[in-house]
Structure formats: structure tokens, C-alpha cells
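Peer 1: return a 3D structure for these sequence lines:
(4 chains)
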There are 2 protein chains.
Amino acid sequence: MSDNTADFGVRDRAPRRLRTDARRNIESLLEAAKTVFSTAGVDAPAKEITDLAGVGVGTLYRHFPQRSDLIKAVIEREIDACADAAPALAAAHEPGVALAKWLDRFTAFVATKRGFAAALHSGDPAFDGLPGYLMQKLGPALESLLDAATASGEVRARVGAQDLLYAVAKLCAPMPDEEPDYGRRMVALLVDGLRSGESPH
Amino acid sequence: MSDNTADFGVRDRAPRRLRTDARRNIESLLEAAKTVFSTAGVDAPAKEITDLAGVGVGTLYRHFPQRSDLIKAVIEREIDACADAAPALAAAHEPGVALAKWLDRFTAFVATKRGFAAALHSGDPAFDGLPGYLMQKLGPALESLLDAATASGEVRARVGAQDLLYAVAKLCAPMPDEEPDYGRRMVALLVDGLRSGESPH
DNA sequence: TCGTTATCTGGAAACTCTTTCCGGAACTAT
DNA sequence: ATAGTTCCGGAAAGAGTTTCCAGATAACGA
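Peer 2: Below you'll find the model as predicted:
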């Protein structure tokens, strides 16, 4: 806790190259965790994950000192994947279509990964950085898509990228037995407001 | 699960009058739990609650066989309080004002009680009944307020009470470090849509 | 290639909560 | 008051997480 080795997360920052077996194990753990989380939920016992990854518990806790660190890492990784999808979509479609498709992608992520909503609302300070991370990674992505769509006249901007991002994230968070398209419907309502609304009053 | 004794929760239905000390203890536990939950979060150790309530752990588990049962009971109790507030507001204000005030009340409940969002998104099947309970209790309350406001011409209904209820509940669920009025702002956006929107297309 | 050194690994043990259990206390009805 | 239930309290069992460290393994210089 002094000066040189205060690194918590595993991603970014390379104060010192990791040993190759360590890197390989981290990879296995993240992959296994992703699988187990989506199968048995984020509360699945750690043992299940380490077994699937083929490592001991000690290895898990060496790289992810707290259970929440593992969850955080998995989610951040999925956020990254979502961000990475934006440029490809922008390149392959009309601005309006690209925006819609990306929102779909994002919606699917939020709706599918129950762990994301759970982590966000858990109240555990360990996850406090997550919205910031999401904003930082996805904000620019959405903004550029939004700008392009606005420029091409297909959308009239009334809310910022951040507000929209959060609103979609919240509206699409899964709730027990709600109609499967509820989230999408509500997002459509918002986007309708975006694209055709005269400002009220 | 057959015919006569399949009661899980503690509230409503009286197959047999509870002993007075039992009822008193249940009351203490619910009160203590409410306090502790809002102080230390819903993950606070059970010991803390039983100590505050002045009972042993055994007593807690006699009345709330699972930890989630206690959380559920506390939340249901707060939902009840919210529902009970509607008639008074309707009696004391103009329809439009009553609606706004009640939405404020509901918003505050969702925004303040982090445990509610946490339970809802936890993925634990124990909480599956909660949205239904919320709908059942708050749906009629909101609907009557909404009807009154519509009748008096202050609001043009475009979504049902259920959709609105869920949307508000989701938008106002607290997220780490978001502007304090974000939820209220987004709800306003929705309500603006409600009150002045020409239906798009 | 080999020795040296820092880093990583596995699993046993310590901990922290939750949940079960049951002897004895407390309430209720008669 | 007494019998008959129903409850209470807290010890102990379970379930999961986190710590710890002796031994294994990679990295690197000679």
C-alpha cells in the first residue's frame, strides 16, 4: 500500500509484464466466469468457476482479490466488446440504421446479462466505478453514431448521449415476468420523442 | 401446496391467530430490518437486525425462513404505505396535482430504497413475486389518479398504468454517482410525452 | 544449457454469514 | 392453577469466501 505496487484491477497498466501462465489463467478464469455467470447467475460459487477454468481457488483470488473484482472484470470486458462493435456498424450502414443497430446491440447486452443490473444496483461500493466505465467507453461510441444520425437529419437531438445511455440501460434491465419486449418498447418511446418531438411548452 | 396450510409470507390470511409475543416480535423485526437495511444495506448481517430487535436469531428464522423473506416483507410493507397514500392525496388536491404528488411519493420510495432495486435485479427467484405485488397494489392506485387527471383534461393517456409504473420504477432506481435529479428528469420527459404529445405517425 | 530468483499455483484452513435444531420458557384456554 | 401449544434463544451445522504458504514454474543472465 506504499508506492509502487498498488494495482488492483488486472486490465491496463503494466508495471511489470505478467508471467505467461498467469496471463493464460486469467484468460481462462474470465472465460469460465462469463460462462458460469450466464448459466447460474453471478452468485454461483467460486468453486464452479475455478473448476471450469481448471485452476485452484488460490489462483482466482490472486488475480481477483475480491469476488466482485471478477464480476467487474467480466462486465467491463463485455462493455468493451459492445464499444468495439460501433465502428464496424458505422462503416457498414447508413447513419440512422447504424444507430438503431447499435442500440439494439446495447439493449441486448443489458437485457441478457442479468449480472450487470444486479451489480449496478447491489449497492456494493465495489461497483461504483462501473457506470463511469460504461460512460467512458460507450459514451463516445454512441455520441459519434448520434452525431452522424443528427447530421444526416434522421434524428433531432434532445438529450445527451449520457442520458440516453443510462435511460436505455435502466429501461432494459430485466425484471421478473415482464413482457419480453417491454424494454424495447419503452426505448422506442424515448427515441420517438427524440426524432419527432416538438419541444413541449 | 395442497389445500389448507400453504402460506409462505406472514402478512394477510389468518389460519390461526398468532400468539401476542410472536406478533410483537415480528413487528420489532420488521422495524429493525427497515432501519438496518436503510443504514447498512440489505446485505447487512442478520445478527445486526436481531440485536436491534432484541430477539434471538432463531426467532428471526422462525418467522422469515429465508433471509429473502424478510427483505420481501419489508419491501411489501413499504409498497403498502405508498398505496395507502393515494386516497388521501386524491381527496386533498386537484386531480393533476394529486397525480404529480403521488408520482413524487413513488419516485422517492424507489430512489431512496436501494434494497428495492437490488432485490428486483438480483435474479433470485424469491423476489419474482415482487413486481406482481407492486402492480397489484399500486396499479389501481395510479390508475384512479390517472383516470381522474385524464377526466379533468390535464393529461392525455398514452400508456397504461402498468407501463408507467414500471418505467418510473426503473428510471428512478439509484445508480452510483448519477446526478441526483436524473430520475426525476427522465420521468418528466415521459410525463411530458404523456401530456402534450401528438401520437407519432 | 543451467542456475538463480522472482512470480505463480493449489488446496487446506480460517472466517463470515446463513440456516437448522431443540430444550426450555411463555402464552392461551379451560 | 394446569395442560397443551406455540415460541424463544442461542449453540452448532452448512455454505461460500478469503487468506496463507510450501512447492512448482516461468524468466533471465551467464
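
Peer 1: contacts and neighbour counts: CA atoms only from here.
Peer 2: OK.

Peer 1: is it true that A:Phe127 touches A:Phe116?
Peer 2: No. Counting by C-alpha atoms under 8 Å, A:Phe116 is not a contact partner of A:Phe127; they are 10.0 Å apart.

Peer 1: ok, those two, which is more surrounded?
Peer 2: A:Phe116 (27 against 20; other C-alpha atoms under 10 Å in any protein chain shown).

Peer 1: so which strand or helix has that one?
Peer 2: Taking DSSP states H and E as the definition, one finds A:Phe116 inside helix A:114-121.

Peer 1: in CSV, list the C-alpha atoms belonging to that helix.
Peer 2: These are the backbone C-alpha positions of helix A:114-121, laid out as CSV (Å, rounded to 0.1, in the frame of the first residue of the first chain):
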residue,chain,number,x,y,z
ARG,A,114,-28.7,-10.0,-15.5
GLY,A,115,-25.5,-9.8,-13.6
PHE,A,116,-25.0,-6.3,-15.0
ALA,A,117,-28.2,-4.9,-13.5
ALA,A,118,-27.6,-6.9,-10.3
ALA,A,119,-24.1,-5.5,-9.8
LEU,A,120,-25.2,-2.0,-10.6
HIS,A,121,-28.0,-2.0,-8.1
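
Peer 1: ok, residues contacting that helix?
Peer 2: Here helix A:114-121 makes contact (C-alpha atoms under 8 Å, 6 or more residues apart in numbering or on different chains) with A:37-38, A:41-42, A:75, A:110, A:127-128, A:130-131, A:173-174, B:114, B:117-118, B:121-123, B:173-176.

Peer 1: next SSE downstream of that helix?
Peer 2: Counting by DSSP H and E, the next helix or strand C-terminal to helix A:114-121 is helix A:129-151.

Peer 1: now that following helix against helix A:114-121, angle please.
Peer 2: Interaxial angle of helix A:129-151 relative to helix A:114-121 (axes from the mean of the first three to the mean of the last three C-alpha atoms, to 10 degrees): 110 degrees.

Peer 1: do me a favour and average the pLDDT over helix A:129-151.
Peer 2: The predicted model gives helix A:129-151 an average pLDDT of 92.

Peer 1: what's that helix packed up against?
Peer 2: helix A:67-92, helix A:95-112, helix A:161-172 (3 or more C-alpha pairs under 8 Å, 6 or more residues apart in numbering or on different chains; DSSP states H and E).

Peer 1: DNA strand C contacts on chain A?
Peer 2: Residues of chain A that fall close to DNA strand C, judged by C-alpha under 7 Å from any atom of the strand: A:18-19, A:21-25, A:54-59, A:62-63.

Peer 1: put the buried members of these into a PyMOL selection.
Peer 2: To isolate the buried members of the residues of chain A next to DNA strand C in PyMOL, using 16 or more other C-alpha atoms under 10 Å in any protein chain shown:
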select buried, chain A and resi 25+55+63
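
Peer 1: from the residues of chain A next to DNA strand C, pick the one nearest B:Asp147.
Peer 2: When the residues of chain A next to DNA strand C are compared for distance to B:Asp147 (C-alpha to C-alpha), A:His63 wins out at 56.6 Å.

Peer 1: is it true that that closest one touches A:Ile26?
Peer 2: Yes. Counting by C-alpha under 8 Å, A:Ile26 is a contact partner of A:His63 at 7.1 Å.

Peer 1: list the contacts for A:Val170?
Peer 2: One thing to correct before we go on: residue A:170 is Lys, not Val. So A:Lys170 contacts B:170-171, B:173 (C-alpha under 8 Å, 6+ apart).

Peer 1: can you redo the helices and strands packed on helix A:129-151 as CSV with distance to B:Pro95 and mean pLDDT?
Peer 2: Formatted as CSV, the helices and strands packed on helix A:129-151 follow (distance: least, C-alpha to C-alpha, whole Å; pLDDT from 0 to 100):
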stretch, distance to B:Pro95, mean pLDDT
helix A:67-92, 44, 96
helix A:95-112, 36, 89
helix A:161-172, 28, 88
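
Peer 1: out of those helices, which gets nearest to B:Asp181?
Peer 2: Comparison of the helices and strands packed on helix A:129-151 against B:Asp181 by C-alpha to C-alpha identifies helix A:161-172 as nearest, at 11.7 Å.

Peer 1: for DNA strand C, what is the nearest residue in chain A?
Peer 2: In chain A, the residue that lies nearest DNA strand C is A:Gly58 (2.7 Å; C-alpha to the nearest atom of the strand).

Peer 1: where does confidence bottom out across the residues of chain A next to DNA strand C?
Peer 2: Out of the residues of chain A next to DNA strand C, that is A:Leu18, at 91.

Peer 1: let me know the secondary structure of that one.
Peer 2: Put simply, A:Leu18 is coil when judged by DSSP: H, G, I helix; E, B strand; the rest coil.

Peer 1: from A:Thr59, how far off is it?
Peer 2: Per C-alpha to C-alpha, to the nearest Å, A:Leu18 is found 14 Å from A:Thr59.

Peer 1: ok now stretch A:113-124, how far from the chain's centre?
Peer 2: Relative to its parent chain, stretch A:113-124 has a centroid offset of 11 Å by C-alpha atoms, centre = their mean, to the nearest Å.

Peer 1: likewise for stretch A:109-121?
Peer 2: Distance of stretch A:109-121 from the chain centroid (C-alpha atoms, centre = their mean) equals 8 Å.

Peer 1: okay then, goodbye and thanks.
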